[in-house]
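> Based on what follows, work out the 3D shape:
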Amino acid sequence: MKLWCEWDDFQAPNGIQVLGPTNHSLATNSLDSIDIYVPKYMGGADALQVIPRMTNLKILQLPTAGYEEALQYWRPGLTICNAAGVHSTATAELAVGLAIAAQRGFRQFALDQEAGLWSHQRFPTLADSKVAIIGYGDIGRAIASRLMNFEVEVTAYSKSGRDGALPISDLDEELPNFDIVILIAPLTEETKGLFGRERLTKMKDGALLINVARGQLVDTDALLAELESGRLRAALDVTDPEPLPVNHALWSAPSCIITPHIGGDTSAFEPRFKALLKSQLQLVLAGQPLRNVVKC
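Residues are numbered from 1 along each chain as shown. Model prediction:
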């Protein structure tokens, strides 16, 4: 079997031939012989557009936890897997980091430092906060476990309302009581615009919205209105649109921290993903079911 991935030196199990950018260009070579394809990490839509040319493709192993963009390329006989678990630690780390940064005023202190200004101010603490986590998969659970060390009260919500989470249908009743809301739900037709004008209005005054999921979960214009009024705060690793244009109003919105979709892109990604990929290939060779199947 032939695997294409971005690492020419990837050590695949015996029985798997590795193709990569150096020895098999996606732009100029025939792709008919590729059985397993791993799109380039952070390659976006461009990395997926070659899939129709892979006429014999059997497995699409995504390097991301999100998979919504890949579903349009599914066809009978193709199995799509995501990288659930690979990004949990790094994304949870960022979510907690954003919570601390926003609560403790890091944005303002960074601006003061650039200005050479010693300005003592009091900001909220993360401790004693009531936190809602929207989405309770691997990453949501990782966020919850880390937050518990900060003496907060965590309530999780998911579509199913299983495994210790409440159903999202129950969210609106409690939403006005949360100090911090963290979004880590997958992007689906149901979650697109999950936090629109009506739901944002229900959040308590001064509450913090953290989005480490997908930008389209939030109505950007509605959020901007809340930020510019000073009623809500935000910390966003993802935006809509993305990348965020240079002159977009979110850049200068008050009480808003923006990071450029770096949640899972850390030094931990490559070794953890390679370990997952190797285990998937071993399952293929053994004729066993694959992990993290999202569509087959």
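
> distance between the lowest-mean-pLDDT helix or strand in the chain and the chain's centre?
Every helix and strand in the chain was compared by mean pLDDT, DSSP states H and E; the lowest is helix 44-48, with a mean of 92. Its chain's C-alpha centre and that of helix 44-48 lie 16 Å apart, by C-alpha atoms, centre = their mean, to the nearest Å.

> residues making contact with whichever helix or strand comes after that helix?
Going down the chain from helix 44-48, the next helix or strand is strand 59-61, by DSSP states H and E. Residues outside strand 59-61 that contact it (C-beta atoms under 8 Å, 6 or more residues apart in numbering): 35-39, 51, 70, 73, 78-81, 83, 277, 280, 284, 290. No exception for glycine: its C-beta is placed from N, CA and C like everyone else's.

> count of neighbours near residue 66?
Residue 66 has 17 neighbouring residues, counting by other C-beta atoms under 10 Å.

> which residues does it contact?
Neighbouring residues of residue 66 by C-beta under 8 Å, 6+ apart: 82, 186-187, 214.

> Measure how buried residue 81 is and give me the count.
Count around residue 81 with other C-beta under 10 Å applied: 23.

> which non-adjacent residue is nearest it?
Nearest non-adjacent residue to residue 81, counting by C-beta to C-beta, 6 or more residues apart in numbering: residue 292, 4.5 Å away.

> Next: residue 231.
Spatially, and ignoring its direct neighbours in sequence, residue 231 is nearest to residue 205 (5.6 Å; C-beta to C-beta, 6+ apart).

> any idea how far that neighbour lies from residue 178?
Distance, residue 205 to residue 178, using C-beta to C-beta, to the nearest Å: 12 Å.

> got it, and residue 109?
From residue 109 to residue 178 the distance is 25 Å (C-beta to C-beta).

> now swap in residue 241 and tell me
Applying C-beta to C-beta, the value for residue 241 to residue 178 is 27 Å.

> neighbour count winner among those two?
residue 178 (22 against 11).

> residues in contact with the more buried one?
130-132, 155, 203-204, 207.

> circling back: doesn't residue 80 make contact with the residue nearest to residue 81?
No - assessed by C-beta atoms under 8 Å, residue 292 is found out of contact with residue 80, at 9.2 Å.

> Which secondary structure state is assigned to residue 186?
When classified by DSSP: H, G, I helix; E, B strand; the rest coil, residue 186 comes out as coil.

> correct me, but it touches residue 68?
Yes - contact criterion C-beta under 8 Å: residue 186 and residue 68 qualify, at 7.0 Å.

> Looking at those two, which has the bigger crowd around it?
residue 186 (19 against 16).

> Okay, strands next: where are they in this structure?
Here the chain has its strands, by DSSP state E, at 2-4, 17-19, 36-37, 59-61, 79-81, 130-134, 153-158, 166-167, 180-183, 208-211, 233-236, 256-258, 293-295.
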